[in-house]
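In: The amino acid sequence is not available; the structure is as follows:
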């Protein structure tokens, strides 16, 4: 019985999570599509596939949000371009005896959003977010921290683009 209740709860949560969208916010009426080219990585952090992972996460957020349709660079009404400026991995929680129990990955990305129809830059700004992970957990824990930093940063970019908050 408990398993059935948990299953129904999980289905309800997933259903309602999928219903929330920022559609109808402050996107200009003439902008229907957006191009999201591969972000550049100038961080020097040396994380393989970081730019591809970041671009894929950002693209998927726009697809799921549905405020702007993702399109090719040559046909899109707008374009969002980004550069990963820095990635740092530093201790965040130090316990007794100077032992590091948690680490924090901080990701900073400079992004510009342009209206290709009216040929003007709508905004340009830097976004910085972080993800914590247990320091003794190895690469899989570090990966979880980086994934969290990417998720938070791309969500901030989406919000800035579709709502202008």
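Out: Here it is on my side, so go on. As the structure is a prediction and not an experimental result, all values here were calculated from the model.

In: can you give me the helices for the protein?
Out: Ranges of helices in the chain, per DSSP state H, are 2-19, 50-65, 138-163.

In: Least confident of those helices, on average?
Out: Mean pLDDT is lowest for helix 2-19 out of those, coming in at a mean of 48.

In: Double-check residue 75 against residue 33; I have them as touching.
Out: Yes. Counting by Cβ atoms under 8 Å, residue 33 is a contact partner of residue 75 at 7.0 Å. For every residue, glycine as well, the C-beta is placed using N, CA and C.

In: the more surrounded of those two?
Out: residue 33 (15 against 9; other Cβ atoms under 10 Å).

In: That one reaches residue 73, doesn't it?
Out: No. Residue 33 is beyond contact range of residue 73, at 10.3 Å (criterion: Cβ under 8 Å).

In: so who does the closest residue to residue 72 other than its chain neighbours touch?
Out: Of all residues not flanking residue 72 in the chain, residue 35 sits nearest, at 6.4 Å (Cβ to Cβ, 6 or more residues apart in numbering). Counting by Cβ atoms under 8 Å, 6 or more residues apart in numbering, residue 35 makes contact with 70-73, 76, 78-80.

In: In CSV: the residues you listed, plus neighbour count.
Out: Shown next, in CSV, are these (neighbours: other Cβ atoms under 10 Å):
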residue, neighbour count
70, 16
71, 16
72, 9
73, 12
76, 22
78, 23
79, 17
80, 24
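
In: tell me which of these is nearest to residue 54?
Out: residue 80 (11.9 Å; Cβ to Cβ).

In: Next up, the contacts around the closest one.
Out: 34-36, 58, 111-114, 157, 161.

In: Give me the buried subset of those residues.
Out: For the contacts of residue 80, a burial check counting by 16 or more other Cβ atoms under 10 Å picks out 34-36, 58, 111, 113-114, 157, 161.

In: Out of these, which two are the most distant from each other?
Out: Pairwise across these, and taking Cβ to Cβ, the largest span is found between 58 and 114, at 15.4 Å.

In: burial measure for residue 142, as a count.
Out: Count around residue 142 with other Cβ under 10 Å applied: 18.

In: go on, residue 68?
Out: When neighbours are counted by other Cβ under 10 Å, residue 68 registers 23.

In: With residue 136 instead?
Out: Residue 136 - counted by other Cβ under 10 Å - has 11 other residues nearby.

In: Number of residues surrounding the nearest residue to it once chain neighbours are set aside?
Out: Closest residue in space to residue 136, ignoring its immediate chain neighbours: residue 101 at 7.7 Å, by Cβ to Cβ, 6+ apart. Counted with other Cβ under 10 Å, residues neighbouring residue 101 total 13.
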